[in-house]
Structure formats: C-alpha cells, structure tokens
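Q: no sequence on hand, only this structure:
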Ligand SMILES: O=C(O)CCC(=O)C(=O)O
Ligand SMILES: [Fe+2]
C-alpha cells in the first residue's frame, strides 16, 4: 500500500481519538443504555466477574459486506474518515487475497479455494485501537493475551507494543515502516486442520507514548459450518477440530476472550 495513503489512514485514526469524548460518544457501542453492540466506540463491557480488563479505547466497525455497514456509527469527524476507511477496506482486501491464494497453495488446495470460500458475503470487521500512555506498564496490559477469531488479521500500527507468544516466550513484533502485519487467526487454524496455528498475542503499555493500531479482521459468513477443509482430512490426518457454526463459535470466543482463555482449545478433538 502506498506510504502516503497509510499515513492518511493513521492520521484520520489519530484525529478521531483526539476528538472530545462527547463527540466520540455519538458513535457509542452501548445500545439502549446497557447492551454492547458489535459496532461502535467504547470499551469492552464487563460481562464476567473474573474478566481481565484492557488499557485501551476502541472503535469497531463492520466494513464488509458493504450492505451490512451501520453508517450511523461511522464517524463524520474528521471529514475524510469514512472515505479513507472505505478505501482502506478495498486496498487491504487486495493484500489479503494475495495471502489467501498463497496459503491455499501451501495447503495443496486450488489457488482460489480460500478466496472462493470467503466470497462476497463474509464479514470483515475494522478495529481501531487507541492505547493511552500508562503510568504503570509493568502492571497493566494494553490488550490481554488472545488469539483472533479470524481467518487472518491485518494490522497497521504506529509504534511497537504488539508481542507474540511462541513456546511460552513473548517476543516484540518490530515496526517496519509502511508494512502491514498479518497474523493467522482461529478460523484459519480450523480450516487448515491445524497446519496454520492461530497466533497468541498481546499488547503491552508504554509510560512515555500513546499507540494506535488499525486492524482488519477477516472472517466468514456467520451461518458457515466451520470445520477443516475436507481435502485436508483423511485417515492419516483425521479432523482435529469439531464442526461448529461460526455464529456459535463467535459466542464462545467472546466469552473466553473476556476471561483471557482461548476458544480454540474448546473445539479441539
Ligand atoms: O493493537 C494491536 O497491534 C493489536 C490489536 C489486536 O490484537 C486486536 O485488535 O485483536
Ligand atoms: Fe488480536
């Protein structure tokens, strides 16, 4: 993606979070004064006694399929915000499709297998994350350890802070200027019958500077029966994940996310 466009997208993100609170709350994710909608501005709701809280501020917006967008919750400040997000969605999809084609090849599937499976009606969610400076970074995480409920996730961040876990050790993900970070999510782990592993990651806080990230989460249609691709299952490699409707998986995902445990562990055979 052109560096100038990426810079514009980051600038619009920063300008949104710099707005006065009452302006941002026009896009609040609170429905009828209590429930939390998927879309909108705010924090995660406290739904569990033992919930792990995060040091961040978020704006969630469904971007694909276009017909399901809730424009009422799309900021009109800064004025360029909506156009930039629409354009960012199109450009990211081109990058994601490249990756889907290559992953299909690695799995010995038809090159278009994943792209066709995703089709026109799959859900893509944009998540804008703002992590304020934090006086006690040794005590507080920006975002608790989790995997994404995605096929893949595309992340554009303005500073370090993202960490990935491998064999129980946390590693910093470096910032490469103008590069997007992509990680595998739970749906891809299930589809690939465990060939690709969903990445456990978290965000640490920083005492000196704030941090922003723009994340696109690629998923499928909610009615999809999620299970390993049949070409990847045989007597030698039996299915390692139970079949589950994506809608039901996402419900489990949100429950486990709140408590800092992993939904994918619950569907392993
Ligand atoms: O802020 C980041 O870099 C990562 C955010 C993230 O992991 C998420 O939104 O799922
Ligand atoms: Fe994530």
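A: All right, it came through fine. Since the structure is predicted, the reported quantities are computational estimates derived from the model, not experimental observations. Ligands and ions are numbered 1, 2, ... in the order given.
Q: so what's the residue count around residue 66?
A: Neighbour count of residue 66, defined by other Cβ atoms under 10 Å: 10. No exception for glycine: its C-beta is placed from N, CA and C like everyone else's.
Q: ok, it to residue 154 distance?
A: Distance of residue 66 to residue 154, given as Cβ to Cβ, to the nearest Å: 18 Å.
Q: OK, contacts around the most centrally placed residue in the chain?
A: In the chain, the centroid-proximal residue (Cα atoms, centre = their mean) is residue 217; its distance is 3.8 Å. Taking Cβ atoms under 8 Å, 6 or more residues apart in numbering, we find residue 217 in contact with 124, 125, 126, 127, 148, 149, 150, 153, 185.
Q: which ones among those residues are found in strands?
A: Taking DSSP state E, the ones among these that sit in strands are 124, 125, 126, 127, 153.
Q: hmm, back to that, tabulate the contacts of residue 217 (CSV), appending neighbour count and pLDDT.
A: CSV is the format used below for these (neighbours: other Cβ atoms under 10 Å; pLDDT from 0 to 100):
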residue, neighbour count, pLDDT
124, 22, 97
125, 20, 97
126, 21, 97
127, 16, 96
148, 26, 96
149, 23, 96
150, 23, 97
153, 25, 98
185, 23, 98
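Q: also near ligand 1: which of those residues, exactly?
A: Contacts with ligand 1 within the contacts of residue 217, counted by Cβ under 6 Å from any ligand atom: 127, 148.
Q: between the contacts of residue 217, which is nearest residue 201?
A: residue 148 (8.1 Å; Cβ to Cβ).
Q: my read: the closest one touches residue 188, true?
A: No: using Cβ atoms under 8 Å, residue 148 is not in contact with residue 188; the gap is 9.5 Å.
Q: identify the contacts common to those two.
A: Between them, residue 148 and residue 188 share these contacting residues under Cβ under 8 Å, 6+ apart: residue 198.
Q: quick revisit: ligand 1: which of the ones in strands among the contacts of residue 217 is nearest?
A: residue 127 (4.6 Å; Cβ to the nearest ligand atom).
Q: need the ones in strands among the contacts of residue 217 in a markdown table with distance to residue 228, can you?
A: What follows is the ones in strands among the contacts of residue 217, written out as a markdown table (distance: Cβ to Cβ, whole Å):
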| residue | distance to residue 228 |
| --- | --- |
| 124 | 22 |
| 125 | 23 |
| 126 | 28 |
| 127 | 27 |
| 153 | 20 |
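Q: so what's the residue count around the closest residue to residue 219 other than its chain neighbours?
A: Among residues not flanking residue 219 along the chain, residue 123 sits closest, at 4.9 Å (Cβ to Cβ, 6 or more residues apart in numbering). Using other Cβ under 10 Å, residue 123 has 21 neighbouring residues.
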